[in-house]
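> Return a 3D structure for these sequence lines:
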Amino acid sequence: MNFDLTKIPFSFYGSYLAFSILSETSDRKAGLYLRSVRGPATGGRPLQEILLMELLADGKPIPFEAEAESHRLRLSAGSGRQAEVSFEAADSVRFRLRGVSIRFSMPTGAYDNIIPHTDGKWMLTVNTICETKLMFAPLNGRMEIDASWQAENCDAISILFHPESGEACEFAIDEFIVGWGGRARADSFDECADNAKRVFAEWMSAMPSVPARYAEARELACYIMWSCVAAPSGHLTRDAIFASKNGMIGAWSWDHCFHALPLAEAHPQLAWDQFMVLFDQQDASGVMPDLINDRLVSWSFCKPPVHGWILNRLLQNSSLLTDERLNEMYAPLSRWTNWWFEQRDDDGDGIPQCNHGNDGGWDNSTVFAVRPPIESPEISAYLVLQMETLAEFAKRLGKLEEARGWLARAEALTRKLLAHFWRGDHFIAVQVSGHAEIESQSLLLYLPLILGKRLPQDVRGKMIARLKVPGEFLSPHGFATENLKSPLYRSRGYWRGPIWAAPTLILFDALTACEEIEFASDIRQRFVDLAAQNGFAENFDAQTGQGYHDFHFSWTAGIWLTLAHELLEEN
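Numbers count the residues shown, from 1 in each chain. Take a look at the predicted model:
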């Protein structure tokens, strides 16, 4: 398997380092960069490129071809001249040069510096782009540093490695935060590469199987999930699967649920850690942070309460949820559920609200084209399922009175949802201020179908009939997030048009719950083919299938593995 470094970074399970080919910008040369995925202290999509990497011959940069595999990155300049890169461990990268030199360079800001260490090593402290430290350790060949000292930082830093007397040049870069603990290097470069290959192959071998024709896509999906893992550090109490190791450096509080699905039987502890790493940061009020990374716990927004639905899916389809784990999850999930009624119901009508599109996970959906707070029906639908899941947890834990209470609340909210949002042939949303009705052609208003037969047949029938109309929500590749005929539809409009993995899975389960098995299977097949052919992008053009934004997107990969495996199992 080879992948494109302009789209997918070369990284390793647990690592905070990644290699990417980046395009030119006003303050960045085009080229191959060593990047950090240490969390930024604020949001956004920082690529955090630290060092530009160039191959040199006779002291001048030369072009090269990059060939990336899960275990090795090879930079070939012709005539046997090449540089190879492999991870010795999550925090250590090994390099081997033949016939070429390699130069790492970076502009500097306040306090960025490189200083000599012991035994010919040099320590780079990165302060402005992110906060991390890199130890450069020559193993064979020569290292030269060009970085004049300017009282508190260095001028532009250049680090050069090159072979001597025709021998291969080998060196290592170790990443750390506080202090470098030293490292014994008994393995050769080839042994490191072979070990990296074995580690990934063993991890992948346990992952869900898929139809044979998707074998190459499965390998890439597994690599994306595996390489998106960040090791415990700072606010991360457990191994955490980041949304991406491109720009979206962190774990979001609904992505983590979808990550658990394909891991449940393959890597159960990692699956459980995905659920709990966000709950480990839960506020006393019950709310979940919007996202976390090693340096940031963001409370600006939250994400929708899909946790109960996913946990019930896991309860029905895996052995992940032992009694011990049910007990561990019961109180946090109860607090998260109650928070929506206690803290997100300004008008006291029993219908929880979103204060921003981000809270519902559909950031710029046309439902949120008017000023929030907004009561949107899918939030109540998720909470119905979450309370039913809590009832099942309570029953299994011997809390029978609490189980009855959760079921009663779920039934009452289902009735309230229908009365509040259903308008004869479609759902609406409601602006909290004045209860003005919001008509939207967003797919978001079809997600209450996840309730299945809890909804009356008439409601289900009308909604499903609309979803089946070609050229409205139904595109050749699946469900567009905005009606294709809507004046607000945008092919690259984020939640105003493109196909996303999460709504696809939600509506697949919804259609299955409504016993629309053939239609559900068709939607699943469309998505499995879409991602297999166009990569595991953040989202996809509903009409052309083209992937958009980020191609190292872990929930797309995870949901694809889940659906492709279920396709195999069904067949």
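> how much space between the spatially most central residue of the chain and residue 314?
The chain has residue 243 as the residue nearest its centroid, 1.7 Å off, counting by Cα atoms, centre = their mean. For residue 243, the distance to residue 314 (Cβ to Cβ, to the nearest Å) stands at 20 Å. C-beta: built from backbone N, CA, C; applies to glycine.
> ditto for residue 92
35 Å.
> can you check residue 143 too?
50 Å.
> same deal with residue 197?
As for residue 197, its distance to residue 314 is 31 Å (criterion: Cβ to Cβ).
> can you check residue 354 too?
25 Å.
> So for those two, which residue has more residues nearby?
residue 354 (27 against 22; other Cβ atoms under 10 Å).
> Please identify the buried residues of stretch 78-93?
Of all the residues in stretch 78-93, those buried under the rule 16 or more other Cβ atoms under 10 Å are 81-93.
> List the beta-bridge partners for the residue nearest to residue 360 when sequence neighbours are not counted.
Distances taken as Cβ to Cβ, 6 or more residues apart in numbering put residue 354 closest to residue 360, at 4.7 Å, once the chain neighbours are dropped. Beta bridges link residue 354 to residue 374 when assigned by DSSP bridges.
> Quick check: residue 242 touching residue 291?
No. Contact between residue 242 and residue 291 fails when scored by Cβ atoms under 8 Å: they sit 9.6 Å apart.
> shared neighbours of the two, anything?
250, 251 (Cβ atoms under 8 Å, 6 or more residues apart in numbering).
> For stretch 487-495, which residues meet the burial criterion?
Within stretch 487-495, the residues scored as buried using 16+ other Cβ under 10 Å are 489, 493, 494, 495.
> Please put the alpha-carbon coordinates of it into CSV.
Extracted C-alpha coordinates of stretch 487-495, given in CSV (Å, rounded to 0.1, in the frame of the first residue of the first chain):
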residue,chain,number,x,y,z
PRO,A,487,-31.1,27.3,-3.2
LEU,A,488,-28.8,26.9,-0.2
TYR,A,489,-27.2,23.7,-1.5
ARG,A,490,-23.4,24.0,-2.0
SER,A,491,-21.4,21.2,-3.5
ARG,A,492,-18.5,22.0,-1.2
GLY,A,493,-20.7,23.5,1.5
TYR,A,494,-19.6,21.4,4.5
TRP,A,495,-22.9,20.6,6.1
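> what separates that stretch from the chain centre, distance-wise?
From the chain centre to the centre of stretch 487-495 is a distance of 22 Å (Cα atoms, centre = their mean, to the nearest Å).
> Average pLDDT for it, rounded please.
Mean pLDDT, stretch 487-495: 98.
> what does it contact?
Residues outside stretch 487-495 that contact it (Cβ under 8 Å, 6+ apart): 357, 362-366, 369, 441-442, 444, 480-483, 496-498, 539, 541-544, 548.
> Now that we have these, which of them are buried?
Buried residues within these, counting neighbours by 16+ other Cβ under 10 Å: 357, 362, 365-366, 441-442, 444, 480-483, 496-498, 539, 541-543, 548.
> now, which of the buried residues of stretch 487-495 sits nearest residue 137?
For these, the residue nearest residue 137 by Cβ to Cβ is residue 494; the value is 43.5 Å.
> List the buried residues for stretch 196-214?
For stretch 196-214, using 16+ other Cβ under 10 Å, the buried residues are 196, 199, 200, 203, 204, 207, 208, 210, 214.
> Please tell me how far the closest residue to the second one other than its chain neighbours sits from residue 228.
Closest residue to residue 199 in three dimensions, ignoring its sequence neighbours and counting by Cβ to Cβ, 6+ apart: residue 13, at 7.0 Å. Residue 13 sits 9 Å away from residue 228, taking Cβ to Cβ as the criterion.
> who has more neighbours, these two?
Per other Cβ under 10 Å, whichever of residue 13 and residue 228 has more neighbours is residue 228, with 29 against 22.
> Quick check, the more buried one in contact with residue 248.
No. Contact criterion Cβ under 8 Å: residue 228 and residue 248 do not qualify, at 9.7 Å.
> Can you pull the poorly scored residue ranges out of the stretch 1-150 of the chain?
Counting by pLDDT under 70, the ranges of the stretch 1-150 of the chain that qualify are 41-45.
> Check what pLDDT residue 184 gets.
On pLDDT, residue 184 comes in at 88.
> So which residues of the stretch 101-250 of the chain form helices?
In the stretch 101-250 of the chain, the helices defined using DSSP state H, counting those that start in this stretch lie at 189-205, 215-227.
> angle of the longest one against helix 215-227?
Our comparison of helix 189-205 with helix 215-227, counting by axes from the mean of the first three to the mean of the last three Cα atoms, to 10 degrees, yields an angle of 110 degrees.
> Does anything pack onto helix 189-205? Which helices or strands?
Here helix 189-205 touches strand 81-89, strand 92-98, helix 215-227, going by 3 or more Cβ pairs under 8 Å, 6 or more residues apart in numbering; DSSP states H and E.
> how about TSV for the ones you listed, with distance to residue 472 added?
Below are the helices and strands packed on helix 189-205 laid out as TSV (distance: least, Cβ to Cβ, whole Å):
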stretch	distance to residue 472
strand 81-89	47
strand 92-98	50
helix 215-227	29
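> between the ones you listed, which one is nearest to residue 529?
helix 215-227 (9.6 Å).
> So which residues make contact with the closest one?
Outside helix 215-227, the residues that reach it (Cβ under 8 Å, 6+ apart) are 1, 3, 8-13, 15, 18, 70, 200, 203-204, 207, 209-210, 241, 245, 259, 262-263, 531-532, 535-536, 552-554, 557-558, 560-561, 564.
> can you tell me the average pLDDT over that helix?
The average of the pLDDT scores along helix 215-227 is 98.
> Setting aside sequence neighbours, what's the nearest residue to residue 160?
Residue 160 sits nearest to residue 144 (Cβ to Cβ, 6+ apart), 4.4 Å away.
> whoops, I mixed them up, residue 273
residue 238 (3.9 Å).
> just residue 19 next, same as before
Closest to residue 19 by Cβ to Cβ, 6+ apart is residue 10, at 4.3 Å.
> Touching, the one you found and residue 21? I think so.
No. With contact defined as Cβ under 8 Å, residue 10 does not reach residue 21; the gap is 9.8 Å.
> Out of these two, name the residue with the larger neighbour count.
For residue 10 versus residue 21, neighbours defined as other Cβ under 10 Å are more numerous around residue 10 (28 against 17).
> State the phi and psi torsions of that one.
Backbone torsions for residue 10, taken as degrees, to the nearest 10, come to phi -90, psi 120.
> ok, now which ones touch it?
18, 19, 20, 68, 73, 85, 227.
> Starting from residue 207, give me the distance back to residue 201.
Per Cβ to Cβ, residue 201 is found 11 Å from residue 207.
> whoops, I mixed them up, residue 334
Distance from residue 334 to residue 207, counting by Cβ to Cβ: 32 Å.
> same thing with residue 162?
With Cβ to Cβ as the criterion, residue 162 and residue 207 are 41 Å apart.
> same thing with residue 61?
From residue 61 over to residue 207 the distance is 40 Å, taken as Cβ to Cβ.
> per-domain residue ranges of the protein.
With automatic domain parsing as the criterion, the domains of the chain are listed as 17-179, 215-299, 304-440, 452-571.
> could I get those domains as CSV with distance to residue 190?
Shown next, in CSV, are those (distance: least, Cβ to Cβ, whole Å):
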stretch, distance to residue 190
domain 17-179, 9
domain 215-299, 21
domain 304-440, 38
domain 452-571, 27
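> now, of those, which is deepest in the fold?
Among the domains of the chain, domain 215-299 has the highest mean neighbour count (mean count of other Cβ atoms under 10 Å), at a mean of 22.
> mind checking the end-to-end distance for it?
Start-to-end span of domain 215-299 (Cα to Cα, to the nearest Å) is 40 Å.
> Over to stretch 231-247?
Length of stretch 231-247, first residue to last, Cα to Cα: 18 Å.
> pLDDT averaged over that stretch - what is it?
97.
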